[in-house]
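S.K.: Return a 3D structure for these sequence lines:
(2 chains)
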Protein chains: 2
Amino acid sequence: MISEVRQKATLAQKAASTMNNLTTDQKNEALTRMADRLLAESEAIIAANGLDLQRGRDQGTSPSLLDRLALNEARVEAIAEGLRQIVSLPDPVGELLEQFDRPNGLRVEKRRVPLGVIGMIYEARPNVTVDATGLCLKTGNSVVLRGGSAAIESNRKIVEVLRGALTETAMPADAIQLIEDSDRASVNEMLKLNGLLDVVIPRGGASLIRNVVENATVPVIETGSGICHTFIDDSAIYQMAAEIVFNAKVQRPSVCNSMETLLVHEAFAERHLAQLAERFVEANVELRGCGRVAELLSGIHVKPATNEDFATEYNDYIMNVRIVANLDEALAHIRIFGTKHSECIVTENMEHAERFIQEVDAAAVYHNASTRFTDGFEFGFGAEIGISTQKLHARGPMGLPALTSTKYRIYGNGQIRG
Amino acid sequence: MISEVRQKATLAQKAASTMNNLTTDQKNEALTRMADRLLAESEAIIAANGLDLQRGRDQGTSPSLLDRLALNEARVEAIAEGLRQIVSLPDPVGELLEQFDRPNGLRVEKRRVPLGVIGMIYEARPNVTVDATGLCLKTGNSVVLRGGSAAIESNRKIVEVLRGALTETAMPADAIQLIEDSDRASVNEMLKLNGLLDVVIPRGGASLIRNVVENATVPVIETGSGICHTFIDDSAIYQMAAEIVFNAKVQRPSVCNSMETLLVHEAFAERHLAQLAERFVEANVELRGCGRVAELLSGIHVKPATNEDFATEYNDYIMNVRIVANLDEALAHIRIFGTKHSECIVTENMEHAERFIQEVDAAAVYHNASTRFTDGFEFGFGAEIGISTQKLHARGPMGLPALTSTKYRIYGNGQIRG
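M.R.: Numbering: from 1, shown residues only, chains lettered A, B, ... in the order given. Coordinates of the predicted model:
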């Protein structure tokens, strides 16, 4: 018997041909109807979500996970509003990227086309179901959704509503597929579906992403993990440096672009580290530091930082601090422990700034600004599928163009190769 | 004990930091010296190649494989000339792809950067050793080469010469690494080297590529296989159609952009198929066809074509022929049997041409020209790493930019996120 995964991916692939031919207006109309229907069915969606929440509570799910799972009227409205924002974004499909004529008279165009069928593998956040669907459909793709089983009732209802919204539109309902099988095997089957899925995008925690990267034969866009550093150079202005690093650590520690390790030039540390550390301690940030940090911060509790600490993405109110002799030591530390996500130097020395930006190998490298800006909305893309931490295809915050491929269109009048 | 693969990949990664900082002139100087040294050491390279050839003959290797393996003075000269051509190409590294200012004053630049460390996995063609190295180094990458064991003596000597050429240049010799371990396990170890290799590119036959795609956890750029179709529409001009399909099939059948299946509109077939088939038969092309083809070509031997035939990349003097009722049937056939490489329509009906080009999902879609043009040199890129048959990162012929990633450089003056 054909599995649910294969069956639904096949339907998605069939729908992809139609998706490829839709105009921007047709896609926008479909997304607008989806937003309308979500609002109209808000009550039913919240009721389905209630079943997930009840099961979660029964199973002792943590309050923070329950909060991520929970829907209420305001959240459904925000989700629908997210779809309308996607409607307002320019459609990358069809964009002419290159055009050239060859001496033999061939005219070559390179244009953006949909990727085809996108597999989304994510955790128990029902907003991702709508968000990812909107982004995939706007770019003319079909989507096969595999959300966390903890949100299955919510996702089932949401997808029913979204598919239902398409009945009177030019967009085929089969462009949206939800895998309901909660067994981990259904994820692993998706990961091997070469020929049916064109790409798999994981969104979630480190173990989910690792499973996808390690087991997929379908091309993957890896997203997510970030051990981000800020290096405060000798010449940094104290007030600016303090604001930047405090923001990078504390404004939202749970996300990938927050800072895990603070590197401080020794001269700056002697002048300012005690004062700076005070501020983090007041915000209940646990400090882990090298021996020199502990010496300088004699009145503050500093745990010894191990190499394992420097290699950990805490996503929490914990910060490593290391004192370095100079820019070279900072660069060497980042080369070893960085995850190529977002890195920052705070300095008034432009030569150091340029060296840091040139030499650090990361998706986003900052001079005098918080690493928290690595984000599709903050970059002005109006949407974000995720933040790519690989170097192929897309790197850093991904907007709509990251969900497209390209096609060469070649116009001849009888050319043959000699 | 650390394996050869891990040890050499680690050296390559260390060298990548230096590679990232080289100027275009420094890279060009290094490549030029490599070309010079190849010529100077031509005799020693040919002698090493002789050992491979002797072993090949002893093992009963086929003449065509021996020919691919063989080096002589002219071939070494051509290989060196290939390096000089890479020198003459523009360097994509550093190119400014996007630039924008955010309302908060952040200035964002997106620039091309090297990928880092590229793993090349290929068969017994020593020219690929030089060619791939030249392309990787020009784009500021380190390269880890794993060629076929049948060419190991040639590759060892060539890499010794290439690395030796770098001693008086700014480019580190460790940017070039050759895996000498001929065990298949060394390939599979490379495929799992996440964190050391940034991408793996396979170049070779179907089974080599399949092994890479199925086992790699490192991101892969899939290259190679092509079941290419040409559809001759009702309105096609006979002479043009005949030239195009003959060229697509016969000019070089062994390559991925040659045609495997000819689709013919029934009206055109009734008028012209007998005459057209004659020409293929004269060129010793075996024909496999549907029942209607056999009827129309009563005087010619036509094997029945099975679905397996339609799904086979012959790379040989064999051609499937199928008669279709119209454009829709041709599109449906390509949707089922195409490998998304190169497809062509021959027609005078511009509406049909546009529909075909829009609807066919392939890297390169042609109107009135041979599919044999899908090639980096034919597209004017001046080089070719391969032809990508996946949709991520690069699709179709890959020039130098396909060997780069991007980096966001963000310049602030104290911005923090609210």
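S.K.: Would you agree A:Glu313 falls within a strand?
M.R.: No: going by DSSP: H, G, I helix; E, B strand; the rest coil, the assignment for A:Glu313 is coil, not a strand.
S.K.: Now do it, the pLDDT please.
M.R.: Confidence at A:Glu313, expressed as pLDDT, is 93.
S.K.: wait, it sits on A:His229?
M.R.: No: A:Glu313 lies out of contact with A:His229 (Cβ atoms under 8 Å); the separation is 11.7 Å. Quick note: C-beta positions are derived from backbone N, CA and C, even for glycine.
S.K.: tell me, what's touching the two both at once?
M.R.: Counting by Cβ atoms under 8 Å, 6 or more residues apart in numbering or on different chains, the shared contacts of A:Glu313 and A:His229 are A:Glu260.
S.K.: Mind checking which of those two has more residues around it?
M.R.: A:His229 (28 against 16; other Cβ atoms under 10 Å in any protein chain shown).
S.K.: What residues does the stretch 1-150 of chain A have near chain B?
M.R.: A:16-17, A:20-21, A:100, A:102, A:106, A:108, A:113, A:115-116 (Cβ under 8 Å from any Cβ of the partner chain).
S.K.: List buried residues within those residues.
M.R.: Burial by neighbour count, 16 or more other Cβ atoms under 10 Å in any protein chain shown: within these this picks out A:16-17, A:20, A:102, A:106, A:108, A:113, A:115-116.
S.K.: how about a markdown table for those, with secondary structure, distance to B:Asn284 and pLDDT added?
M.R.: Listed next are those as a markdown table, based on DSSP: H, G, I helix; E, B strand; the rest coil; distance: Cβ to Cβ, whole Å; pLDDT from 0 to 100:
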| residue | secondary structure | distance to B:Asn284 | pLDDT |
| --- | --- | --- | --- |
| A:Ala16 | helix | 40 | 97 |
| A:Ser17 | helix | 37 | 95 |
| A:Asn20 | helix | 39 | 97 |
| A:Arg102 | coil | 31 | 97 |
| A:Leu106 | coil | 29 | 98 |
| A:Val108 | strand | 33 | 98 |
| A:Val113 | strand | 38 | 98 |
| A:Leu115 | coil | 41 | 98 |
| A:Gly116 | coil | 38 | 97 |
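S.K.: and the two most separated of those residues?
M.R.: For those, the maximum inter-member distance is 30.8 Å, found between A:Ala16 and A:Arg102 (Cβ to Cβ).
S.K.: Surely A:Leu392 touches B:Leu392?
M.R.: Yes: contact criterion Cβ under 8 Å: A:Leu392 and B:Leu392 qualify, at 6.2 Å.
S.K.: Across the sheet, point out what pairs with the residue lying closest to A:Asp101 once chain neighbours are set aside.
M.R.: Spatial nearest neighbour of A:Asp101, excluding adjacent residues (Cβ to Cβ, 6 or more residues apart in numbering or on different chains): A:Arg107 at 5.3 Å. According to DSSP bridges, the partner residues bridging A:Arg107 are A:Asp101, A:Tyr411.
S.K.: Before we move on, what's the pLDDT of A:Arg107?
M.R.: We have a pLDDT of 98 for A:Arg107.
S.K.: Check A:Gln54 too.
M.R.: With respect to pLDDT, A:Gln54 scores 97.
S.K.: Can you give me the buried ones in the host helix or strand of it?
M.R.: Taking DSSP states H and E as the criterion, the element that holds A:Gln54 is helix A:42-58. For helix A:42-58, the neighbour count (16+ other Cβ under 10 Å) marks A:42, A:45-46, A:48-49, A:52-53, A:56 as buried.
S.K.: closest point of the stretch 1-150 of chain A to chain B, which residue?
M.R.: A:Leu115 (5.3 Å; Cβ to the nearest Cβ).
S.K.: how about that residue, what does it touch?
M.R.: A:Leu115 makes contacts with A:139, A:141, A:198-199, A:403-405, B:391-392, as judged by Cβ under 8 Å, 6+ apart.
S.K.: picking that back up, for the helix holding A:Gln54, packing partners?
M.R.: Under the contact definition 3 or more Cβ pairs under 8 Å, 6 or more residues apart in numbering or on different chains; DSSP states H and E, helix A:42-58 sits against helix A:63-69, helix A:73-88, helix A:152-165.
S.K.: Would you check the distance separating the shortest one from the middle of the chain?
M.R.: Centroid separation for helix A:63-69 versus its chain: 19 Å, with Cα atoms, centre = their mean, to the nearest Å.
S.K.: Identify all contacting residues around that helix.
M.R.: A:49, A:52-53, A:56-57, A:61, A:124-126, A:150-151, A:154.
S.K.: how about the residues of the stretch 151-300 of chain A near chain B?
M.R.: With Cβ under 8 Å from any Cβ as the criterion, the stretch 151-300 of chain A meets chain B at residues A:194, A:198-199, A:213-214, A:217, A:219-222, A:240, A:243-244, A:246-248, A:251.
S.K.: Quick check on the residues you listed: which are buried?
M.R.: Among these, those buried by neighbour count (16+ other Cβ under 10 Å) are A:194, A:198-199, A:213, A:217, A:219-222, A:240, A:243-244, A:246-248.
S.K.: picking up where we left off before, quickly compare the helices and strands packed on helix A:42-58 and say which is most buried.
M.R.: The highest mean neighbour count among these, using mean count of other Cβ atoms under 10 Å in any protein chain shown, belongs to helix A:152-165: a mean of 22.
S.K.: and that helix with helix A:73-88, angle?
M.R.: Comparing the axes of helix A:152-165 and helix A:73-88 via axes from the mean of the first three to the mean of the last three Cα atoms, to 10 degrees yields an angle of 40 degrees.
S.K.: And the contacts of helix A:152-165?
M.R.: Applying Cβ under 8 Å, 6+ apart, the contact partners of helix A:152-165 are A:30, A:33-34, A:36-38, A:41, A:44-45, A:47-49, A:51-52, A:55, A:69, A:71, A:126, A:129-130, A:133, A:145, A:147, A:173, A:176, A:178, A:180, A:182.
S.K.: Any chance you could list what contacts the helix or strand following it?
M.R.: Downstream of helix A:152-165, the first helix or strand assigned by DSSP H and E is strand A:176-178. Applying Cβ under 8 Å, 6+ apart, the contact partners of strand A:176-178 are A:8-9, A:11-12, A:129, A:133, A:137, A:142-147, A:155-156, A:159, A:162-163, A:166.
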